[in-house]
Each structure stands twice: as C-alpha cells, then as structure tokens.
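Enquirer: Pasting the sequence and the predicted coordinates here, then a few questions.
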Amino acid sequence: RLNLFHLLWKQRFDDRLLDPSIPIDRSDLKVADVGTGSGIWALDVFKSLPKGTIVDGLDIDLSQAPTKASLPKNISFRHYNYYETPEPELLGRYDIVHIRHTTTTIRNNDPFEVIQNVSKLLKPGGYLQF
C-alpha cells in the first residue's frame, strides 16, 4: 500500500520527489524521510540527488524498511518517534526533512507537536517538506 501511494504521488506531481524550490546542488546534503515506512521515498530520492548525499529513513516501526545489507552506504534507517524530542545526534543534522502520509497518526487532529519535533531535525536554513 505504501509503495502504491508513493507511485501515485509521483504520477500526480510529474515524478518530482522534492519541491523544485529546494536547492539540491551540493554533494554534502543530508536528507531525512520521517515516517519512512517501506523506505520507498528515501530510496527513490537518493537516486536523484548528488553523489555524497546522505539519506536517513526515520520511523517508529522499521519492520517494512530494507535490510542494511541491501542498501547503498549513504542510506540508513533508524528508529524515530516524532512525538518525542529527537536524540541529540539528530538535532540540527538535516538540510531537508521530508514527511508525508501521517494524517492517520496525528493526535487530536493537531500537527503542532509533530511539526515542532520534526523541525528540530533541521539545520538552520533547512527545508521541511510536509
């Protein structure tokens, strides 16, 4: 289901995975995919970014994510609950943070707490694609 949603999303937005206004012309980019699920967005966007980019898939449940042995060296998946303050090593780490398909997990129909915690992952001047 998650992979089908991803393909439909890409079709709807002309295969764009990132907003075209987000600069991606640096080889030292760090990108987080929050709520990564199967990791399809992280794996797909990795192919379109400059060599040297690091992509981390973050999720509370990594049972659908690929195994480490099957991944390129610059992609990793790790546990992250967006209802908690990020671990210190994640604070201010990412140039781009991507999050989508989370409406069913937002408490009380109020995304404030999630946006507040996910924003802490960003470097100053970073981009949140929600």
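Expert: Here it is on my side, so go on.
Enquirer: which intervals of this protein have sub-threshold pLDDT?
Expert: Under the criterion pLDDT under 70, the flagged ranges of the chain are 1-15, 101-105, 107, 109.
Enquirer: Helices of that one, start to end?
Expert: 2-12, 40-48, 112-119 (DSSP state H).
Enquirer: wait, isn't residue 83 in contact with residue 113?
Expert: Yes: under the criterion of C-beta atoms under 8 Å, residue 83 makes contact with residue 113 at 6.3 Å. Quick note: C-beta positions are derived from backbone N, CA and C, even for glycine.
Enquirer: Regarding the chain, what is its longest strand?
Expert: Secondary structure of the chain per DSSP state E: the longest strand is strand 122-129.
Enquirer: Return the set of residues that bridge with the residue nearest the centre of the chain.
Expert: Centroid-nearest residue in the chain: residue 33, 0.9 Å away (criterion: C-alpha atoms, centre = their mean). Beta-bridge partners recorded for residue 33 (DSSP bridges): residue 57, residue 98.
Enquirer: thought it was touching residue 44?
Expert: No: in this structure residue 33 lies outside contact range of residue 44 using C-beta under 8 Å: 9.7 Å.
Enquirer: any idea how far the residue of the chain most remote from its centre is from residue 114?
Expert: Farthest-out residue of the chain from its mean C-alpha position, per C-alpha atoms, centre = their mean: residue 108, at 23.1 Å. As judged by C-beta to C-beta, to the nearest Å, residue 108 and residue 114 stand 11 Å apart.
Enquirer: Likewise for residue 58?
Expert: 12 Å.
Enquirer: When those two are compared, which one has more neighbours?
Expert: residue 58 (27 against 19; other C-beta atoms under 10 Å).
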